[in-house]
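**Q** with the input below, show me the fold.
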Amino acid sequence: MSDENTVQVSVVIVSYNNEKEIDACLDSVINDLKNEVHEIIIIDNNSEDRTKEIIQQKKRKLSNDSIVLISNEKNLYFTRALNQGLQQCRGNLILILNPDTQIQESALEKLRNALIENNKIGIVAPQLINSDGTIQPSCRRFPKYRDILLELSGLSYLFGSRWKMEEFDHKTRANIDQPQGASLLFRRRLLKEVGFWDENFPMFFSDVDWCKRVKEKGYGILFEPAAKVIHHKGVGVYRNRPKMIWSSHLSFYKYFRKHRNRPIFTELIGGILIAAAVVRSIYYSISRKIR
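**A** Below is the predicted model of the structure:
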């Protein structure tokens, strides 16, 4: 493998049963980084399909060691596996990438240019698009108690969602609170200042928590729409929907306990989130049977 000082970009991908997406994802990364000294670190969470086989085939085809595969013997979930990869990175820049994405031409160059324009920018995120080319909303503000009440009561449909930035067209470069964690570029040294991702959030909200900590260190987070990445949103999540509902609601509660801990309000919101998880899980099970 290339000497540490020559690696320019480290790409970290956490995979789990992504046989339908991983090949196209890797092809897009390799194509966009063909002129860069890079490494692609893939942490596989004990996939039960052909994901690891496809990755190994890609490694053999390249006949170099730019792809590093870490195979876990069990599913450690996203955040813990991501930290495994981040600890192995040698590049000055790190790109966190979902396996259900495809980098579009020159996206990384545009992200990097936006990052180096200002040393106070900590993270740059691209515009996420659907496979048909339409824009996928991916930017949010940090959530507050009232956002949960509006979302779960349905009142956000009447008054709009401050949290989900419904007024933002996702066509304009902007400083934001939190982009979706499907594709994030940052300097490796940021990990030394902010720390790794919090494993108390195994699947969800670890990206929100990390962005919150990045902002608290005084860094900005930039949305760069000139860089485009196709995102086949949620293909992994929907494979075990009930479990993911519980995980997301519990992590939402943990986020409030960590960052907005006003005990009475936090416990009240926690109870509401758990009740909503029960309702959503039952609704999902019933709708599956009807189909």
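**Q** pull out the buried positions in the strand or helix carrying Lys215.
**A** Using DSSP states H and E, Lys215 sits in helix 206-216. For helix 206-216, the neighbour count (16 or more other CB atoms under 10 Å) marks 206-215 as buried. C-beta coordinates here come from the backbone N, C-alpha and C atoms, glycine included.
**Q** which stretches of the chain have low pLDDT?
**A** 1-5, 234-240, 288-291 (pLDDT under 70).
**Q** and it, what are its domains?
**A** 4-139+168-234, 239-290 (automatic domain parsing).
**Q** these: which one's closest to Leu155?
**A** With respect to Leu155, and counting by CB to CB, the nearest of the domains of the chain is domain 239-290 at 13.5 Å.
**Q** what segments of the protein are helices?
**A** Listed in chain order, the helices of the chain (DSSP state H) span 22-32, 51-62, 77-88, 107-116, 145-153, 156-159, 189-194, 206-216, 241-259, 263-290.
**Q** any idea which of these gets closest to Ala182?
**A** helix 206-216 (8.8 Å).
**Q** ok so, going back, mind putting the domains of the chain into TSV with distance to Ile148?
**A** What follows is those, written out as TSV (distance: least, CB to CB, whole Å):
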stretch	distance to Ile148
domain 4-139+168-234	13
domain 239-290	6
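**Q** Asp147 is nearest to which of these?
**A** Per CB to CB, nearest to Asp147 of these: domain 239-290, 9.9 Å.
**Q** list the contacts of Ile94.
**A** 9-12, 86, 185-188, 191 (CB atoms under 8 Å, 6 or more residues apart in numbering).
**Q** count the neighbours of the nearest residue to Ile94 once chain neighbours are set aside for me.
**A** Spatial nearest neighbour of Ile94, excluding adjacent residues (CB to CB, 6 or more residues apart in numbering): Ser10 at 4.9 Å. Other residues lying near Ser10 total 22 when counted by other CB atoms under 10 Å.
**Q** measure Ser10 to Glu167 for me?
**A** 35 Å (CB to CB, to the nearest Å).
**Q** need the contact list for the closest residue in space to Arg241 that isn't next to it in sequence.
**A** Distances taken as CB to CB, 6+ apart place Tyr284 nearest to Arg241, at 5.5 Å, with adjacent residues excluded. Listed by CB under 8 Å, 6+ apart, the contact set of Tyr284 reads 241-242, 245.
**Q** can you turn the buried part of those residues into a ChimeraX selection?
**A** Buried subset of those, written as a ChimeraX selection, criterion 16+ other CB under 10 Å:
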select :245
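**Q** returning to what we had before: most neighbours of all the contacts of Ile94, which one?
**A** The contacts of Ile94, ranked by neighbours (other CB under 10 Å): first place Val11, 28 neighbours.
**Q** distance check, that residue against Lys61.
**A** From Val11 to Lys61 the distance is 17 Å (CB to CB).
**Q** ok, the residue nearest to Ile94 touching Leu185?
**A** No - assessed by CB atoms under 8 Å, Ser10 is found out of contact with Leu185, at 10.5 Å.
**Q** on that earlier part again, can you tell me which of the buried residues of helix 206-216 is nearest His231?
**A** Among the buried residues of helix 206-216, and counting by CB to CB, the member closest to His231 is Asp207, at 13.6 Å.
**Q** and Ser161, what is it in contact with?
**A** With CB under 8 Å, 6+ apart, Ser161 has these contacts: 147, 150-151.
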